[in-house]
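Peer 1: Have a look at this prediction, sequence included:
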Amino acid sequence: MARVLVIEDDVETAREIVACLVAGGFRTKQCLDGEQGLKLALTDRFDAITLDRMLPGSDGLQIIKAMRAGGVATPVLLLSALGDVDDRVEGLRVGGDDYLVKPFAPSELVMRVQVLLRRHDPAPKTDLLLRVGDLELDLVTREARRNGRSIELLPMEFRLLEFMMRHSGQLLSRRIIFERVWEYYFDPGTNLIDVHIGKLRKKIDEPGAPSLIKTERGVGYVLNAV
C-alpha cells in the first residue's frame, strides 16, 4: 500500500485530502506545517507527496527546491488555488511533478496520485507469475489458477485480471481501468467494466466464498486476497 505525505496548513482541507487518499487505498501521514513537512520529506520515506503551494513561512515551491537540492526524488503533486498557466509552469519548473487546481474532485486527486506512482515506479513489472492469495496468473502460458483449479479467461478478461493483480490492494478508478486496460482516454459511458468484472467474479471466486474483487460504489474496484 503506497504511503503519501500530505502537507497542508488548513486543517479542514488536510482532513478532506487524507479522507480521499485513504478511500483510494493509500496510507497517509498528515503535516500542517511546511518546515516540519520538509523535514519529514528529507528524513522519512514516502511514495508520493501532496503539497499545498501557499503555505505560511516556506511556501510549497521553496519546499520542493529544498527537497530536490537534498536529493529527494519523491514525486510531488502541488495543490493550489492559483490556476494560471504561469503558476502551473512555475510549479513544474522548480521540480513539481503535477499540479492540481483547487477545488478538485476527490476522484481526480486519487487518479493524479496513482499516475505519479506509475510514472515513478522504480521496479519494472517483469514478474512472469502473479499471485494474490491462492489466485495465480501465469503470463507465459496465459493460464489462471485458483487453489489449483484452472480458469479459462478470454483475452480482455486476462488483461483486466493482470492489471488488477499487479495493483492488488489499490483502489482502481473506472478512468484508470479504461486507460490502462482498454486504452480509452475517456469514459465511453457504458457498463463495459461492470460486465467484465462480473464475468471475472464468476470465474475466479470460489462458490460461497467472499469475492476477491470488491466494489467501492461510485469510485472503482479493488482486488485483495481473502
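Peer 2: Received, thanks. The shown structure was predicted, so the numbers you read here are calculated from the model rather than taken from an experiment.
Peer 1: gap between the most centrally placed residue in the chain and I151?
Peer 2: Geometric centre of the chain, nearest residue: Q114, 2.6 Å, by C-alpha atoms, centre = their mean. In this view, Q114 and I151 are 27 Å apart by C-beta to C-beta, to the nearest Å. For the C-beta atoms, the positions are set from N, CA and C on the backbone; glycine is no exception.
Peer 1: returning to what we had before: ok, so what distance separates the residue nearest to the centre of the chain from A225?
Peer 2: Applying C-beta to C-beta, the value for Q114 to A225 is 21 Å.
Peer 1: in this protein, which ranges drop under the pLDDT threshold?
Peer 2: 121-127, 185-187, 226 (pLDDT under 70).
Peer 1: quick one on the thing from earlier: pretty sure the residue nearest to the centre of the chain is touching E179, no?
Peer 2: No. If you go by C-beta atoms under 8 Å, Q114 and E179 don't touch, sitting 10.1 Å apart.
Peer 1: Mind listing the shared neighbours of those two?
Peer 2: Common contacts of Q114 and E179 (C-beta atoms under 8 Å, 6 or more residues apart in numbering): none found.
Peer 1: Show the residue spans covered by the strands in the protein.
Peer 2: Using DSSP state E, the strands of the chain run over 3-7, 27-31, 48-52, 76-80, 98-101, 129-132, 135-138, 143-146, 149-151, 172-173, 213-216, 220-223.
Peer 1: Any idea which of these gets closest to G189?
Peer 2: strand 172-173 (15.1 Å; C-beta to C-beta).
Peer 1: count of neighbours near L100?
Peer 2: Residues near L100, counting by other C-beta atoms under 10 Å, number 20.
Peer 1: Which strand residues bridge it?
Peer 2: Applying DSSP bridges to L100 gives these bridge partners: L79.
Peer 1: dump the residue contacts of D138.
Peer 2: So D138 contacts 128-129, 144-145 (C-beta under 8 Å, 6+ apart).
Peer 1: Next, find the distance separating it from I204.
Peer 2: Counting by C-beta to C-beta - D138 and I204 are separated by 14 Å.
Peer 1: and if you look at V85?
Peer 2: From V85 to I204 the distance is 47 Å (C-beta to C-beta).
Peer 1: Tell me if I'm right that E206 and L135 touch.
Peer 2: No. Counting by C-beta under 8 Å, E206 stays clear of L135, with 10.0 Å between them.
Peer 1: which of the two has more neighbours?
Peer 2: Neighbours per residue (other C-beta under 10 Å) separate E206 from L135, with L135 holding more: 21 against 13.
Peer 1: beta partners of that one?
Peer 2: Under the criterion used here (DSSP bridges), L135 is bridged to V132, R146.
Peer 1: wait, isn't it in contact with A209?
Peer 2: No. Judged on C-beta under 8 Å, L135 makes no contact with A209 at a distance of 11.6 Å.
Peer 1: And the protein, what are its domain boundaries?
Peer 2: Annotated domains of the chain cover 3-119, 129-223 [automatic domain parsing].
Peer 1: Can you tell me which of these is packed in deepest?
Peer 2: domain 3-119 (a mean of 17; mean count of other C-beta atoms under 10 Å).
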